[in-house]
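Student: sequence first, then the predicted structure, then my questions.
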Amino acid sequence: MRPDPTAAPPAGLAAERLPALAGHPERAPRVQEMFDQLAPRYDLANRLLSLGLDQWWRRQALDALKDSGRGEVLDLCAGTLDLTAALVRRGARHVHAVDFSPQMLQAGRPKLPPGAPVSITTADARELPLPDQSVDGIICGFGLRNVPEVHRAMAECARVLRPGGRLVVLDFFQPVGPTSRLLQGTYNRLIVPAVGGLVTGFRDAYAYLAGSIDAFMTRAAFEEMTAGLGFAVRGREMLPPVASMIVGIRQEATVVRVEGEA
Ligand SMILES: C[S@@+](CC[C@H](N)C(=O)[O-])C[C@H]1O[C@@H](n2cnc3c(N)ncnc32)[C@H](O)[C@@H]1O
């Protein structure tokens with residue numbers, strides 16, 4: 001059953017069982033704590049769970065950045081810095097790695113060569129610590145479905161990206177159609193919590209991550225939202241068709257307002 005995002009916040013988020021938080025609007029502090037706990041074994045669990053496919057998907061996402069990947073680039077929800085390190089290897093002028101989990105960022109630091117042109121900042125994706133139109137490209141790998149009020153994070157992306165710059169998002173969207181529902185449902189509900197739990201000791205966290213896919217938007221809805229924020233958008237499924245990639249090109253400056261702003 002999909003979580004009700006309008007339900008009242010659970011009393012004492014830290015005590016709440018993690019799977020119940022997928023899609024909850026007040027989940028950010030507990031999700032941050034969860035990633036801090038997962039950080040030391042996150043990479044290993046990822047490789048095992050995706051059989052290494054995550055690295056292939058990341059390479060395709062980096063390719064999709066094209067020239068935007070060689071300027072100032074934001075790695076949003078940067079986690080353990082896989083994409084940041086790859087951007088440096090590919091010659092990015094500067095990478096801004098932003099994530100709200102200090103432990104995830106810390107775990108990734110050894111992946112960077114000494115003197116790498118990277119600034120690492122602990123911040124929420126909904127309030128980016130970057131000036132307007134200050135980056136040439138943005139990449140976000142498997143982060144956005146964890147962000148409550150994802151439209152605010154996307155509006156921030158629209159604000160900080162220069163017109164003509166590229167945004168590339170890799171994520172697992174809510175599956176549509178019986179085959180992908182069945183495939184993803186079986187994999188996410190059975191295999192992910194079992195393997196993730198075994199590797200990290202945090203089965204609940206992996207049950208949350210699997211549940212967060214069902215609670216996220218469909219790819220079509222995400223594309224529509226992104227287009228509404230001033231991007232020319234195109235999306236596609238990766239192979240195998242579980243993850244998807246969305247590429248947006250920032251159009252000439254548009255005033256972006258998000259709900260709740262005057
Ligand atoms: C599944 S990991 C992906 C990490 C990395 N991008 C990768 O490709 O492996 C999701 C990351 O998103 C971060 N995250 C989740 N919600 C966030 C938020 N509201 N603001 C900033 N970072 C967030 C988590 O701390 C975590 O490091």
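Tutor: That came in fine, so what should we check first?
Student: close to the ligand: what parts of this structure are there?
Tutor: Residues of the chain that fall close to the ligand, judged by CB under 6 Å from any ligand atom: 28, 31, 35, 77-79, 82-83, 99-101, 104, 124-125, 141-143, 146-147. (Glycine included, C-beta is placed from N, CA and C.)
Student: which members of those occur in helices, if any?
Tutor: 28, 31, 35, 82-83, 104 (DSSP state H).
Student: any idea how far residue 114 is from the ligand?
Tutor: 22 Å (CB to the nearest ligand atom, to the nearest Å).
Student: number of residues surrounding that residue?
Tutor: 4 (other CB atoms under 10 Å).
Student: please apply the same query to residue 115.
Tutor: That count, for residue 115 with other CB under 10 Å as the rule, works out to 6.
Student: isn't there a strand covering it?
Tutor: No - going by DSSP: H, G, I helix; E, B strand; the rest coil, the assignment for residue 115 is coil, not a strand.
Student: low-confidence regions, the stretch 1-150 of the chain specifically.
Tutor: Per-residue confidence for the stretch 1-150 of the chain (pLDDT under 70) gives these ranges: 1-21, 23.
Student: now with 50, please.
Tutor: 1-15 (pLDDT under 50).
Student: which stretches in it count as helices?
Tutor: 28-38, 42-50, 53-64, 82-89, 102-108, 150-160 (DSSP state H, counting those that start in this stretch).
Student: and the fifth one, what's buried?
Tutor: Same thing as helix 102-108. 103-108 (16 or more other CB atoms under 10 Å).
Student: same thing with the longest one?
Tutor: Of the residues in helix 53-64, those buried by neighbour count under the rule 16+ other CB under 10 Å are 53-54, 57-58, 61-62, 64.
Student: re earlier: export the helices of the stretch 1-150 of the chain to TSV and append columns for distance to residue 115.
Tutor: Listed next are the helices of the stretch 1-150 of the chain as TSV, based on distance: least, CB to CB, whole Å:
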stretch	distance to residue 115
helix 28-38	27
helix 42-50	23
helix 53-64	21
helix 82-89	10
helix 102-108	16
helix 150-160	25
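Student: what about those, which gets the closest to residue 239?
Tutor: Proximity to residue 239, assessed across those by CB to CB, is greatest for helix 53-64 (8.5 Å).
Student: helices or strands up against that closest one?
Tutor: Packing partners of helix 53-64 (3 or more CB pairs under 8 Å, 6 or more residues apart in numbering; DSSP states H and E): helix 42-50, helix 82-89, strand 135-141, strand 161-171, strand 244-250.
Student: single out the most deeply packed of those.
Tutor: strand 135-141 (a mean of 26; mean count of other CB atoms under 10 Å).
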